[in-house]
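Student: what would the 3D arrangement of this be:
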Amino acid sequence: MQTTITRLASRAASTALALLLATLPASAQDIFAKRPAFAPPEQRPGVTASCEDIRAMAEGLPMLETRIDLWVAGALTLVKTDGALWYLVVCDDLRIMCVTYESNDMQVGERVVMRGGYRRLDPRHAVLDPCLASREGQE
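Tutor: Okay, here's the model as predicted:
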(Lines give C-alpha, C1' and ligand atoms only; values in the text may rest on other atoms or scores of the structure.)
Protein backbone atom coordinates (compact mmCIF):
# COMPACT_ATOMS: atom_id res chain seq x y z
CA MET A 1 0.00 0.00 0.00
CA GLN A 2 2.73 2.47 1.03
CA THR A 3 4.75 1.64 -2.11
CA THR A 4 1.75 2.39 -4.33
CA ILE A 5 1.18 5.72 -2.59
CA THR A 6 4.88 6.59 -2.88
CA ARG A 7 4.86 5.74 -6.60
CA LEU A 8 1.74 7.82 -7.21
CA ALA A 9 3.19 10.76 -5.29
CA SER A 10 6.42 10.50 -7.26
CA ARG A 11 4.53 10.42 -10.57
CA ALA A 12 2.40 13.40 -9.51
CA ALA A 13 5.52 15.39 -8.57
CA SER A 14 7.19 14.52 -11.90
CA THR A 15 4.07 15.55 -13.81
CA ALA A 16 3.80 18.81 -11.87
CA LEU A 17 7.46 19.62 -12.59
CA ALA A 18 7.02 18.84 -16.29
CA LEU A 19 3.95 21.07 -16.46
CA LEU A 20 5.75 23.87 -14.62
CA LEU A 21 8.77 23.66 -16.92
CA ALA A 22 6.50 23.58 -19.96
CA THR A 23 4.92 26.86 -18.90
CA LEU A 24 8.29 28.58 -18.48
CA PRO A 25 9.71 30.35 -21.52
CA ALA A 26 12.68 28.60 -23.12
CA SER A 27 14.99 31.31 -21.78
CA ALA A 28 13.88 30.55 -18.20
CA GLN A 29 14.53 26.83 -18.72
CA ASP A 30 18.04 27.72 -19.98
CA ILE A 31 18.62 29.68 -16.77
CA PHE A 32 18.28 26.54 -14.69
CA ALA A 33 20.41 24.44 -17.05
CA LYS A 34 23.34 26.85 -16.61
CA ARG A 35 22.75 27.37 -12.89
CA PRO A 36 22.17 23.95 -11.31
CA ALA A 37 21.71 25.28 -7.73
CA PHE A 38 18.66 27.27 -8.85
CA ALA A 39 15.26 25.74 -9.57
CA PRO A 40 11.59 26.57 -10.13
CA PRO A 41 9.58 27.11 -6.92
CA GLU A 42 9.43 24.19 -4.48
CA GLN A 43 11.64 22.01 -6.69
CA ARG A 44 14.95 20.45 -5.69
CA PRO A 45 17.79 21.76 -7.86
CA GLY A 46 20.44 19.58 -9.46
CA VAL A 47 23.07 20.57 -6.88
CA THR A 48 23.44 22.50 -3.66
CA ALA A 49 25.83 25.40 -4.31
CA SER A 50 28.89 26.00 -2.18
CA CYS A 51 29.98 29.51 -1.23
CA GLU A 52 32.80 29.16 -3.78
CA ASP A 53 30.33 28.41 -6.60
CA ILE A 54 27.44 30.74 -5.87
CA ARG A 55 28.72 34.03 -7.32
CA ALA A 56 29.44 32.49 -10.74
CA MET A 57 26.01 30.79 -10.81
CA ALA A 58 24.18 33.94 -9.72
CA GLU A 59 25.92 36.39 -12.07
CA GLY A 60 23.61 37.68 -14.78
CA LEU A 61 20.58 35.86 -13.40
CA PRO A 62 17.62 37.87 -14.71
CA MET A 63 14.63 38.68 -12.55
CA LEU A 64 11.72 36.47 -13.58
CA GLU A 65 8.04 36.98 -12.86
CA THR A 66 8.00 33.62 -11.08
CA ARG A 67 9.89 32.70 -7.94
CA ILE A 68 13.33 31.14 -8.28
CA ASP A 69 14.61 28.88 -5.50
CA LEU A 70 18.24 28.45 -4.49
CA TRP A 71 19.94 25.80 -2.36
CA VAL A 72 23.29 26.82 -0.85
CA ALA A 73 25.56 25.26 1.78
CA GLY A 74 28.15 27.01 3.92
CA ALA A 75 29.30 27.94 7.38
CA LEU A 76 27.09 30.42 9.23
CA THR A 77 28.70 33.85 9.52
CA LEU A 78 25.78 35.53 11.32
CA VAL A 79 22.79 34.43 13.41
CA LYS A 80 20.46 37.24 14.60
CA THR A 81 16.83 37.75 15.53
CA ASP A 82 14.51 40.73 15.77
CA GLY A 83 12.25 38.80 18.14
CA ALA A 84 9.92 37.57 15.40
CA LEU A 85 12.22 36.41 12.59
CA TRP A 86 15.69 34.90 12.45
CA TYR A 87 18.37 36.01 9.99
CA LEU A 88 20.99 33.40 9.10
CA VAL A 89 23.88 34.35 6.79
CA VAL A 90 26.38 32.22 4.86
CA CYS A 91 29.20 33.04 2.44
CA ASP A 92 31.48 36.08 2.31
CA ASP A 93 31.80 36.95 -1.39
CA LEU A 94 28.08 36.92 -2.18
CA ARG A 95 26.43 37.03 1.25
CA ILE A 96 23.23 34.96 1.34
CA MET A 97 20.73 35.71 4.11
CA CYS A 98 17.98 33.26 5.05
CA VAL A 99 14.87 34.82 6.62
CA THR A 100 13.18 32.16 8.75
CA TYR A 101 11.05 31.65 11.87
CA GLU A 102 13.45 29.43 13.85
CA SER A 103 17.19 29.33 14.47
CA ASN A 104 17.04 25.68 15.60
CA ASP A 105 19.88 26.67 17.96
CA MET A 106 22.29 27.01 15.02
CA GLN A 107 25.48 28.88 15.84
CA VAL A 108 28.02 30.92 13.88
CA GLY A 109 30.52 28.53 12.30
CA GLU A 110 28.09 25.60 11.90
CA ARG A 111 27.69 24.22 8.38
CA VAL A 112 24.13 24.54 7.12
CA VAL A 113 22.06 24.13 3.99
CA MET A 114 19.68 26.98 3.21
CA ARG A 115 16.94 26.77 0.59
CA GLY A 116 14.32 29.25 -0.44
CA GLY A 117 13.04 31.99 -2.72
CA TYR A 118 16.06 33.86 -4.14
CA ARG A 119 16.24 37.62 -4.59
CA ARG A 120 19.43 39.56 -5.37
CA LEU A 121 19.63 42.79 -3.39
CA ASP A 122 22.88 44.19 -4.80
CA PRO A 123 26.21 42.89 -6.16
CA ARG A 124 27.28 41.57 -2.73
CA HIS A 125 23.98 40.52 -1.09
CA ALA A 126 21.07 38.16 -1.75
CA VAL A 127 18.16 37.02 0.38
CA LEU A 128 16.22 33.77 0.58
CA ASP A 129 12.67 34.47 1.71
CA PRO A 130 10.79 32.29 2.45
CA CYS A 131 13.67 30.09 3.57
CA LEU A 132 14.37 26.86 5.41
CA ALA A 133 17.73 26.12 7.02
CA SER A 134 19.06 22.87 8.42
CA ARG A 135 22.38 21.55 9.56
CA GLU A 136 24.35 20.07 6.70
CA GLY A 137 23.56 16.37 6.40
CA GLN A 138 20.09 16.80 7.94
CA GLU A 139 18.31 18.25 4.92
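Student: drop to CA atoms for contacts and neighbour counts, all remaining ones
Tutor: Fine.
Student: helix, strand or coil for the residue sitting nearest the centre point of the chain?
Tutor: Of all residues in the chain, the one closest to the mean position by Cα atoms, centre = their mean is Leu70, 2.5 Å from it. When classified by DSSP: H, G, I helix; E, B strand; the rest coil, Leu70 comes out as strand.
Student: look up how far Gly137 lies from it.
Tutor: Using Cα to Cα, to the nearest Å, we find Leu70 at a distance of 17 Å from Gly137.
Student: in the chain, what residue spans correspond to helices?
Tutor: 2-23, 26-34, 51-58 (DSSP state H).
Student: list the contacts of the last one.
Tutor: Right, helix 51-58. 34-37, 72-74, 90-94 (Cα atoms under 8 Å, 6 or more residues apart in numbering).
Student: list buried residues within those residues.
Tutor: Applying 16 or more other Cα atoms under 10 Å to those, the neighbour count classes 35-37, 72-74, 90-91, 94 as buried.
Student: of those residues, closest to Leu64?
Tutor: The closest of those to Leu64 turns out to be Arg35 (Cα to Cα; 14.3 Å).
Student: how many residues are close by the nearest residue to the closest one once chain neighbours are set aside?
Tutor: Leaving aside its chain neighbours, Arg35 sits nearest to Met57 (5.2 Å; criterion: Cα to Cα, 6 or more residues apart in numbering). Using other Cα atoms under 10 Å as the criterion, Met57 is surrounded by 17 other residues.
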